[in-house]
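Peer 1: Here you go, sequence then predicted model.
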Amino acid sequence: MARPRKGKIVCEMPKYARFGPKGQGYTGNANLVMTVEEYESIRLMDYEGMNQEESAKKMEIGRSTFQRIYDDARKKIAQSLVEGRTINIEGGDYKICENLGECRKGGCCRRQQIRGVHQEQ
């Protein structure tokens, strides 16, 4: 029996769900689909500046799973830039952070807890 898929924790939904070239772009009809958890991996690593271990803990997944998600997201971004394709952010296996209402500006409040644990070790 296959293992059930575990929802990844996402603390911030994308403010914009579609990115692509303005004017002339990819002439085919295939847009790229980036999942919400792939977006979250880019946000955590490249925007928030967290490392893989911190990011994986925040999403409540293993580091190797995080690495796979992050690599998939980066490949889609590269395809978009090189081929002029549009990225739509939608779908995936995720759960919204339960502390969303308590989150501080700049991300989930759990980030501070994770960094605190990381710094104490």
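Peer 2: Cool, got the structure. Numbers count the residues shown, from 1 in each chain.

Peer 1: which parts of stretch 37-49 are buried?
Peer 2: 37-45, 48 (16 or more other CB atoms under 10 Å). No exception for glycine: its C-beta is placed from N, CA and C like everyone else's.

Peer 1: For the residue most central in space within the chain, give me its contacts.
Peer 2: Geometric centre of the chain, nearest residue: E40, 1.9 Å, by CA atoms, centre = their mean. Counting by CB atoms under 8 Å, 6 or more residues apart in numbering, E40 touches 8, 10-12, 59, 94.

Peer 1: Who are the packing partners of the longest helix anywhere in the chain?
Peer 2: Longest among the helix segments of the chain by residue count, using DSSP state H, is helix 63-83. Applying 3 or more CB pairs under 8 Å, 6 or more residues apart in numbering; DSSP states H and E, we find helix 63-83 packed against strand 32-34, helix 36-42, helix 52-59, strand 87-89.

Peer 1: Now do C97 against I69, distance only.
Peer 2: 17 Å (CB to CB, to the nearest Å).

Peer 1: between those two, which one's more packed in?
Peer 2: Neighbours per residue (other CB atoms under 10 Å) separate C97 from I69, with I69 holding more: 23 against 20.
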